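Peer 1: The sequence and its predicted three-dimensional model are supplied below.
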Amino acid sequence: MEADRQTQEGAINSKRLALAVEATELGLWEWIVETGTIYWSDRQREIFGVSADEPLTHELWVSSIHPEDRDWVVEKVGSLMDPDSKGKLQKEYRIVRPDGETRWISSRGRMLYENVDGRPQASRLLGTILDITERRTNEEARRLLAKELNHRVKNLFALASAMVTMTARTAASPEEMAAALHGRLQALARAHELIRPALSEEHPHQGETTVASIVETILAPHRDFSLPGRILIECARIVVGARSTTSLTLVLHELATNASKYGALSANDGSLTVACWQDGDTVSLVWQERGGPVVEGPPPSKGFGSHLARKSVMDQLEGEITYDWQHEGLRVELRLPLAHLSR
């Protein structure tokens, strides 16, 4: 009777453990040092993308580790053979599944040692893994968001300073300067409203708009109404969908900011022409600056803003962006698939 009771309790405890592991979505693994035998639970195999009947080997595990993490992970696990290491494993690293997908995992384990001739010797390494891909992706998104926010705040101060200088050059009186500056700051606030969803992770701009409307809104703070020909916009009516508005706005906002700080819009005689048209399934937009500081060539290094603009065009809009650092002024060309732009 006692033996039956213990057997029943053991079965119940095993079931409890299985349910707990299932609830936490942990993968279980074990490595027998002497024989090299490896055990992976079903969840472990699922995370690694390994089928239930595939033989498990040390080489399979090593080849699954991301190339950039492989050396240090293998070295860390190997160090657990030494009893002085205390036998504790707690690391986060990347794996590459057979289908090419990269995942982040958190691996925790413990090396067990047994006495051999009076000395501790590594015997079994066992532990768990947890798929933390979503958490690491969110952390990276927050890091980029903080960097982007810092970049935008700096740009806002730079733009405000440039607007004060530009307004002071043309205003005939303090009252006229105050009125003009107030209008420009309001225009800057309207432009910021278009990029705010990207900074705050809110829902994207609601409803459709047009490329011309976005360009007008972004460039409104930079207009000098005493020089109506300073900024020329020649855009066909091309619809931009709600999902693509923020991405296109980020790119144009970056170009406008740089033009105001370093390019044509920073000089009295500078001018800017923006033209856009549709050719079949492709939308082209050309940004041409003239009359600003002499352009000697591309900058020696690309700043965060340039990386952001390129990422927005290539990743979000699946288009192309090229920079031509002409002596008379920067020329930028965007080529965007109409199907993606209208989303």
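Peer 2: Perfect, I can see it now. Only a predicted model underlies this, so the values are computations on that prediction, with no experimental measurement involved. Numbers count the residues shown, from 1 in each chain.

Peer 1: just checking, residue 98 touches residue 45?
Peer 2: No - the criterion here is C-beta atoms under 8 Å, and residue 98 misses it with residue 45 at 11.4 Å. All C-beta spots, glycine's among them, are computed from the backbone N, C-alpha and C.

Peer 1: The two: who's more crowded?
Peer 2: Shown here are residue 98 and residue 45; by other C-beta atoms under 10 Å, residue 45 has more neighbours (17 against 12).

Peer 1: and that one, what element?
Peer 2: In the assignment (DSSP states H and E), residue 45 maps to helix 42-48.

Peer 1: Counting by contacts, list what that helix packs against.
Peer 2: strand 27-32, strand 119-131 (3 or more C-beta pairs under 8 Å, 6 or more residues apart in numbering; DSSP states H and E).

Peer 1: Okay, buried residues for the helix or strand that comes right after that helix please.
Peer 2: Once helix 42-48 ends, the next helix or strand along the chain (criterion: DSSP H and E) is helix 58-64. For helix 58-64, the neighbour count (16 or more other C-beta atoms under 10 Å) marks 61, 64 as buried.

Peer 1: pLDDT below threshold where in the stretch 1-150 of the chain?
Peer 2: 1-24, 145, 148-149 (pLDDT under 70).

Peer 1: go on, the stretch 151-300 of the chain?
Peer 2: 151-163, 165-171, 176-177, 179-207, 224-227.

Peer 1: now the strands for it?
Peer 2: All strands of the stretch 151-300 of the chain, identified by DSSP state E, counting those that start in this stretch, fall at 209-210, 231-235, 239-240, 271-279, 282-290.

Peer 1: Give the partner strands of the fourth one in its sheet and their orientations.
Peer 2: Each strand that strand 271-279 pairs with, and the sense of that pairing, follows from DSSP bridges: strand 231-235 (parallel), strand 282-290 (antiparallel).

Peer 1: hmm, back to that, out of the helices and strands packed on helix 42-48, which one sits most buried?
Peer 2: Among those, ranked by average contacts under mean count of other C-beta atoms under 10 Å, first place goes to strand 27-32 (a mean of 18).

Peer 1: any idea how far residue 109 is from residue 93?
Peer 2: 13 Å (C-beta to C-beta, to the nearest Å).

Peer 1: what does residue 48 give?
Peer 2: 13 Å.

Peer 1: ok, those two, which is more surrounded?
Peer 2: residue 48 (23 against 17).

Peer 1: Quick check: the more buried one touching residue 97?
Peer 2: Yes - with contact defined as C-beta under 8 Å, residue 48 reaches residue 97; the gap is 6.5 Å.
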